[in-house]
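Undergrad: my questions concern the predicted model and sequence given below.
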Number of protein chains: 2
Amino acid sequence: MSLFLRAANGEDTERAPIWMMRQAGRYLPEYRDMKEKWSFWDLCTHPELATEVTLQPLRRYALDAAIVFSDIMTPLSSMGLDIDFRPGPVIANPVRSMADAMALRVPDAEEITPFVHDAIRMLRKELKVPLIGFGGAPLTLATYTVEGKGSKDYALFRQFLWSQPEAAEALLDRITEVTVRYLRLQVAAGAQAVQVFDSWAGIHDEAAYRRFGLPYAQRVFDGLADLNVPRIYIAVASGHLMKAISELHCEVISLDWRSPLTAARAALPGKVLQGNLDPAVLLGTPEVIEREAARVLRDGLGGAHIFNLGHGIMKETPPDHAARLIDFVTQFDRHRAG
Amino acid sequence: MSLFLRAANGEDTERAPIWMMRQAGRYLPEYRDMKEKWSFWDLCTHPELATEVTLQPLRRYALDAAIVFSDIMTPLSSMGLDIDFRPGPVIANPVRSMADAMALRVPDAEEITPFVHDAIRMLRKELKVPLIGFGGAPLTLATYTVEGKGSKDYALFRQFLWSQPEAAEALLDRITEVTVRYLRLQVAAGAQAVQVFDSWAGIHDEAAYRRFGLPYAQRVFDGLADLNVPRIYIAVASGHLMKAISELHCEVISLDWRSPLTAARAALPGKVLQGNLDPAVLLGTPEVIEREAARVLRDGLGGAHIFNLGHGIMKETPPDHAARLIDFVTQFDRHRAG
């Protein structure tokens, strides 16, 4: 079994496998070349383009996993939501009531995003490392669905939860069902692990997260349990939710740079840890990159650890800085360091 | 002594004093009327306009404190930074190097923002409740100074800290000195308490906060120690920094809605707690408002507590919902409830 899958399944491996969130993206000149010709949505919806973009970082770097190029918003369009990227996602018909929530379709798996599944099939033929599929957590997808666009504090969504909690639950229910179908089909198409992004969970207090976040994320993970692939969960800026997150039925928890891995190791018994270099470090000097990477690697000792960034790689990152990081991490011997 | 000042000085008062962050603001029709005629910067820089806006919520509501209408960015213009509001602050000449940092002026107190001090003098003649002065914490002001405008994750600033830490320290040093002078003059003009806003502290991990945040906030508080006014600190989304924050030399810690007051009471021994109703609750039904306010009030028992929102009041808040909240809080008898 590959290093990545061994670690994701709980093995305290000899070195930490490494991949980087948004490893296929704007910091790579070959990606920017693609973006000259195609829109972001084109790249997501044409399987041969998504495949090419997914493979770009693998050609440059000795990464231990690939992640299919897509967006957490893609399944929402099949539910009847009119989504555009300019460049952030904008929904023309946001959900604001029980009637809006009930009007959403729950399509069959094959209808949701055939292009993602086609890309996964193509990628599996090309790849020598495991392929990660992904989706948004229901709470986060519901946030965008209600707001209709990005926001600083998602106040409109928080208002929706306080004033129409039953409508919120109906919305979360539908999104959860679609997400389970969507991720199951990614695995059927060849994804060997799945990551669930709960990007906006951290705006809620624990009580709200336990009502509107945790149970739906749990249903997603339970809905994948029989497929026997490692399940990864990431919630950004969610240190205050660690106790609730520790209860999730998943194998791997990905941490952002604010949650030290040492504390997470204690707070998340039995979980594999993923993370958590501050992506801004990659804009520093080579000495800073190696010093901070070494710190993250040491903090990750004492259990299974997948090295990653604490958030998506920044578009300003020089590609040779990413190379330096990957070299350093892949040469770090965890058994000798421990 | 007033209820607010008794609580801010550590007294477990019979009821919780209440004020609301951004209580003078866009949710009030009389404020929006002012904004028809004047820009935000006009309102800040003309003492008679700042006074009028500050007094507006006091005419409607039985609030226990006023806070001078201003912006945390105001002192930066006197340092040589060219700031415009459109409507968020934009700096034409952001700091990006040691040379930029060293070029900043450290003006005498009287030069910094005479209009704020004039407004404070005018307000003290009108007010029957205590007046709070305020400023930004050095880390947060430095964030804006480097970024030049708002940002989602302040990646440029995080990069600056990683790649030019000495320049960051020179910048923080200058901003700290100006902030001490600025806040001391607010107190000299009549402010009876000061609140220091560290709005963006929460983007950093504890190590970065302990290097670039805590020591400078500490210098600000130490620089006010002889003035004998309660010092309030607020850092948003900073649950992961609670240990470091507990070390601050200030009387009051204001919590956002994600940090339960019960846990904060244990984590912040000897501190007065301020907060922390989710401002989105004020958009819910009267039953939701009273239920959640009661929960916050009960969580605040067992020590001094100043009721506040966990963040600024939202512009969509109906003014009668704010009235309902204030009525409820001012009728809650803490000694009987305890």
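TA: Received it, and whenever you're ready, just let me know what you need.

Undergrad: tell me which parts of chain A are close to chain B?
TA: A:150, A:152-153, A:155, A:158-159, A:161-163, A:202-206, A:237, A:239-240, A:257-260, A:278-281, A:283-285, A:288, A:292, A:311, A:314, A:316 (Cβ under 8 Å from any Cβ of the partner chain). Backbone N, C-alpha and C define where each C-beta goes, glycine included.

Undergrad: minimum distance to chain B, which residue of the stretch 1-150 of chain A gives it?
TA: The stretch 1-150 of chain A approaches chain B most closely through residue A:150 (8.0 Å), counting by Cβ to the nearest Cβ.

Undergrad: which among the residues of chain A next to chain B count as buried?
TA: A:153, A:155, A:158-159, A:161-162, A:202-206, A:237, A:239-240, A:257-260, A:278-281, A:283-284, A:288, A:292, A:311, A:314 (16 or more other Cβ atoms under 10 Å in any protein chain shown).

Undergrad: per-residue pLDDT, residue A:254?
TA: Residue A:254 is assigned 98 on the pLDDT scale.

Undergrad: let me fix that, I meant to ask about residue A:87.
TA: 80.

Undergrad: ok, the closest residue to it other than its chain neighbours - contacts?
TA: Closest residue in space to residue A:87, ignoring its immediate chain neighbours: residue A:40 at 6.2 Å, by Cβ to Cβ, 6 or more residues apart in numbering or on different chains. Residue A:40 makes contact with A:71, A:85, A:87, according to Cβ atoms under 8 Å, 6 or more residues apart in numbering or on different chains.

Undergrad: quick check on residue A:40: phi, psi?
TA: phi -60, psi -40 (degrees, to the nearest 10).

Undergrad: same question for residue A:129.
TA: Per-residue torsions, residue A:129: phi -110, psi 160 (degrees, to the nearest 10).

Undergrad: how many other residues sit next to it?
TA: When neighbours are counted by other Cβ atoms under 10 Å in any protein chain shown, residue A:129 registers 18.

Undergrad: my guess is it meets residue A:64, correct?
TA: Yes - look at residue A:129 against residue A:64 with Cβ atoms under 8 Å: they come within range, at 5.7 Å.

Undergrad: could you tell me which residues touch both of these two?
TA: Common neighbours of residue A:129 and residue A:64, using Cβ under 8 Å, 6+ apart, are A:2, A:4.

Undergrad: so what's residue A:159 up against?
TA: Applying Cβ under 8 Å, 6+ apart, the residues near residue A:159 are B:280, B:283, B:284, B:314, B:316.

Undergrad: just give me the residue right at the centre of chain A.
TA: The centroid of chain A falls nearest to residue A:197 when counting by Cα atoms, centre = their mean (4.0 Å).

Undergrad: from chain B, how far out is that residue?
TA: The gap separating residue A:197 from chain B is 15 Å, by Cβ to the nearest Cβ, to the nearest Å.

Undergrad: go on, residue A:151?
TA: 10 Å.

Undergrad: and what of residue A:268?
TA: 15 Å.

Undergrad: now residue A:293. Nearest residue, chain neighbours left out?
TA: Nearest residue to residue A:293 in three dimensions, chain neighbours excluded: residue A:328, at 5.2 Å (Cβ to Cβ, 6+ apart).

Undergrad: residue contacts, the one you found?
TA: By Cβ under 8 Å, 6+ apart, the contact list for residue A:328 reads A:289, A:290, A:293, A:294.

Undergrad: in which helix or strand does residue A:197 reside?
TA: Taking DSSP states H and E as the definition, residue A:197 sits inside strand A:193-198.
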